[in-house]
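Asks: fold the following and give me the result.
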Amino acid sequence: MNVMMHKNLQTQNTIKAQDAFFPAACVAAIVLTALAQAERLGLIPWAQRLTGIGHAHEMLFGFVLALICGYTLGKLTVNKIIMMLALWLSARVSYLLLSNGIISEVLNMSFTAWVIWHILPRFMAAKKWRNRMIGPLLLAIFSFPTSWFISIHFMDVASTQTLIPALLILLIMLMAFIAGRMLAPALAGEMHQQHYELKARVQPRIEAALLLIPALAFPLSIHPKTQILAACAMSLMTAFLLIRLFRWEFWRCAHRSDLMTLVAGYFWLVLSTLFLSHAFAYGAVDFAFLHVITIGAIGTLSSVVILKYSLDKHSHPSIIHYSSAAFILFATLCRLMAAKSQTPHLWLNLSLAFWSLNYCMVLFIWQQGFQRSRSKKHPNQQLK
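Replies: Numbering: from 1, shown residues only. Below is the predicted model of the structure:
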């Protein structure tokens with residue numbers, strides 16, 4: 001009896017990381033971009049650290065790392081989640097308000113070290129090497145705040161800028177793995193209900209290639225003399241992504257808006273790898289076009305994942321999924337137009353509006369799902 005009570009108490013004192021870091025990521029996506037644009041317009045000069053390289057810093061180490069934490073951390077005690085979230089938030093606030101970035105970087109490094117200490121053993125214990133490889137991949141991604149600190153304080157800005165495309169290679173690698181593991185069983189299951197057998201599911205050989213190729217391209221992308229080899233590797237990855245996607249015969253599930261938006265995210269990955277391949281081939285990375293990855297791919301796939309987690313398992317409302325995909329599409333196109341237009345602020349404002357609309361909607365859907373799950377766990381509270 002005491003053992004059962006102890007287990008129940010432990011269950012009550014735990015929380016899913018998604019319920020903390022997914023809404024935190026949504027809020028960060030809205031607030032960080034809004035503050036950055038307000039600073040560009042001269043409305044809040046005190047937020048100048050959120051523009052230029054600082055904007056990339058916060059979106060990658062604030063927004064993106066929060067998403068990864070929500071997806072990978074699983075269940076932890078409430079106190080531990082609160083402390084992790086407080087550490088993450090302290091790093092965001094200190095980066096914005098303190099001119100000396102050392103405190104923020106120390107907080108960032110402390111947060112990433114704590115997170116990786118929790119998630120690495122679980123992936124390294126996997127039986128298949130493809131699953132185990134995600135452990136070193138996450139370790140490399142969460143090590144970037146340390147690399148950034150070393151680059152900023154002991155090297156130069158140019159060396160810091162070379163880190164961004166390298167990090168994006170690893171993020172594409174992670175997104176390709178996660179999206180593939182979500183799409184393959186979901187498409188196969190839906191087709192099974194249509195009395196059709198999908199033969200190409202996980203496609204382990206192609207999945208292995210999608211893990212090994214970016215792992216090779218990553219070190220090659222850092223030095224200018226080897227970037228042409230990185231371009232070749234990313235071109236090969238583009239081809240494998242397309243082959244894998246079309247072998248899934250996704251068009252047979254056109255009636256499932258959730259799967260189609262996930263497919264749209266996979267197409268964004270194809271465009272992302274193609275863009276990076278072009279950038280490395282010509283030795284010049286256009287940082288405006290990096291938003292194909294950071295807005296298009298990351299925005300679409302993160303929204304799909306949070307919506308999938310928040311909505312009822314059998315609920316696939318087309319208006320929600322397609323609205324999210326459309327908002328991200330328009331946000332990306334407007335951001336690209338800003339780079340070429342003579343009125344960049346107009347396009348930046350439009351991009352911000354579509355981006356914020358998407359994450360406000362996703363945050364609202366998450367809140368509805370969270371309340372629904374709480375009412376199922378504690379029905380007596382609803383009666384009161």
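
Asks: how about Ile15, phi and psi?
Replies: Dihedral pair for Ile15: phi -140, psi 150, per degrees, to the nearest 10.

Asks: doesn't Val78 make contact with it?
Replies: Yes. Under the criterion of Cβ atoms under 8 Å, Ile15 makes contact with Val78 at 5.1 Å. (Each C-beta comes from the backbone N, C-alpha and C, glycine too.)

Asks: so where do the strands sit in the chain?
Replies: Counting by DSSP state E, the chain has these strands, from start to end: 14-16, 75-77.

Asks: can those strands go into CSV with extra columns for mean pLDDT?
Replies: As requested, these are arranged in CSV below (pLDDT from 0 to 100):
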stretch, mean pLDDT
strand 14-16, 92
strand 75-77, 94
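
Asks: in JSON lines: the ones you listed, plus distance to Met191 and mean neighbour count.
Replies: Below are the strands of the chain laid out as JSON lines (distance: least, Cβ to Cβ, whole Å; neighbours: other Cβ atoms under 10 Å):
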{"stretch": "strand 14-16", "distance to Met191": "30", "mean neighbour count": "16"}
{"stretch": "strand 75-77", "distance to Met191": "32", "mean neighbour count": "14"}
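
Asks: any chance of a markdown table for these, columns distance to Arg256?
Replies: Listed next are the strands of the chain as a markdown table, based on distance: least, Cβ to Cβ, whole Å:
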| stretch | distance to Arg256 |
| --- | --- |
| strand 14-16 | 25 |
| strand 75-77 | 29 |
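
Asks: Val270 is nearest to which of these?
Replies: Checking the strands of the chain against Val270 by Cβ to Cβ gives strand 14-16 as the closest, at 31.1 Å.

Asks: show me what the closest one is packed up against.
Replies: Packing partners of strand 14-16 (3 or more Cβ pairs under 8 Å, 6 or more residues apart in numbering; DSSP states H and E): strand 75-77, helix 78-97.

Asks: what sits up against that strand?
Replies: With contact meaning Cβ atoms under 8 Å, 6 or more residues apart in numbering, strand 14-16 is reached by 74-78, 81.

Asks: pull out the buried residues from the lengthiest helix in the chain.
Replies: For the chain, the longest helix by residue count, based on DSSP state H, is helix 157-193. By 16 or more other Cβ atoms under 10 Å, the buried positions in helix 157-193 come out as 160, 162-180, 182-184, 186-188, 190-191.

Asks: appreciated, that's everything.
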